[in-house]
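Colleague: Provide a 3D model corresponding to the input given below.
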Amino acid sequence: MKIRLKRLGVATVEPVGFDPGEILRQTLHRQFHQQQTLHTASPTQRPLITALPQPQQQLQGQGMGRLRWLLRSSGFCTQGTPSQRQSSLPLLLDQGEGNEIWSSSHHDNVSARILSGQGLGGAESGSWLNWICADSLPSMTAPAREPRTVLCFGDSNTWGFNPDGGRRLPHDTRWPNQLEQQLNRRASGQAWRTIEDGLNSRTWLLDDPIGAARYGAQYSCSGRSGLMTSLHSHKPIDVVILALGCNDCKDYLNLSAEQIADGARILIHDIRSALNCGPRERPDQPPCIVLMTPPLVTITAQSLAWGFAGADTKSLALASRYLQLADELELLAFDVQIVATASSLDGIHFDSQAQSAIASGLADLIAQT
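Modeller: Residues are numbered from 1 along each chain as shown. Modelled structure (predicted):
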């Protein structure tokens, strides 16, 4: 086997415990990873695999059939037509002009690489495109790991309500999207993605037809009514941030801080009982939960018009209740009242300057999970 590999110009240094077939696999694997632009470059720009036959006369004299025979005799499978090979990432060797051997994958559209007038059969038997060991070669790239998912389930402060005019803050300004950026800057391996599920006037449990009426009365404000749909829509989920309770402080809903915290307890139970909505590796395990306090409401003309009379003291008491609940149920708590202040324009919503502070605080907390 060593002699046959040397005739083809492939290095035959044999580490202890490696057979010749493994050497060839490792050679191809190493050379493939040196080509960073392989899939993005055009056929005329793709770099060469230098580990394959170097002397032009050897390649042309022996032909690709010789290399196929060698690989077959080494234990590689070369049986079947290209359409029958089901390798997840087979290797193609595209023989161009002269002694150029191009590397590509039929994970992409193979027909786009076949010369005009050639079908797959022509490519198989011709010299321009040659299939080699499509079934047995190892994957040349590690499969991309799916990002970890953070579901941000909240109200208008999760949606990104701009206190200056009521429109939505820009995408890159909103704290859930800044959180994704900050988590990925901290990540050493697997990436993160965040999902914004914020709804204006959303509460823990109660519907609020008065609050919804400001937005056309076209949806239910009950967080519980939408939670399961959100979990099953976005699973697998690694982390759920529950950012509700501010709207529960409205005077006409007549809820105490204790009752609002009980609403949080119910949704926490719902998340933990949701079927197979957890992380990709262990979907039967519930996602990590972060209980985020509402902002410290300030009394303004606008907050009074929205029904938040007395919400300043109630929201302060609610933060303490959330921290107690998180400790009792053994989940993470994030006291946003420490890191960000509601805008003086309406006393309820966070402005653009507060978004980065919220994202940074949450990223510090989640990065520890």
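
Colleague: buried stuff in stretch 296-314?
Modeller: 296-298, 300, 302-303, 306-308, 311-312, 314 (16 or more other CB atoms under 10 Å). Any C-beta I mention is one placed from the backbone N, CA and C, and that applies to glycine too.

Colleague: now what about stretch 282-293, what contacts it?
Modeller: The contact list for stretch 282-293, computed with CB atoms under 8 Å, 6 or more residues apart in numbering, reads 151, 154, 235-243, 245, 264, 268, 271-274, 276-279, 318-319, 322-323, 325-326, 331-337, 362, 365-366, 369.

Colleague: that should have said stretch 188-195, apologies.
Modeller: Taking CB under 8 Å, 6+ apart as the rule, stretch 188-195 contacts 145, 147-152, 176-177, 179-180, 183-184, 234.

Colleague: now swap in stretch 228-237 and tell me
Modeller: With CB under 8 Å, 6+ apart as the test, stretch 228-237 has contacts from 146, 149-151, 153, 195, 197, 240, 270-271, 274, 276-280, 283, 287.

Colleague: if we use 6 Å, what do you get?
Modeller: 149, 151, 195, 197, 274, 277, 279-280, 283, 287 (CB atoms under 6 Å, 6 or more residues apart in numbering).

Colleague: buried subset of the residues you listed?
Modeller: Buried among these (16+ other CB under 10 Å): 149, 151, 195, 197, 274, 277, 279, 283, 287.

Colleague: pLDDT for the residues you listed - can I get that in TSV?
Modeller: Below are these laid out as TSV (pLDDT from 0 to 100):
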residue	pLDDT
Thr149	98
Leu151	98
Ile195	98
Asp197	98
Ala274	98
Cys277	98
Pro279	97
Pro283	95
Pro287	98
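
Colleague: let me have those in TSV, extended by distance to Asp172 and secondary structure.
Modeller: TSV is the format used below for those (distance: CB to CB, whole Å; DSSP: H, G, I helix; E, B strand; the rest coil):
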residue	distance to Asp172	secondary structure
Thr149	19	strand
Leu151	19	strand
Ile195	16	strand
Asp197	18	strand
Ala274	30	coil
Cys277	28	coil
Pro279	27	coil
Pro283	31	coil
Pro287	25	coil
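
Colleague: widest-spaced pair of those?
Modeller: The most widely separated members of the buried ones among the contacts of stretch 228-237, counting by CB to CB, are Asp197 and Pro283 (19.2 Å).
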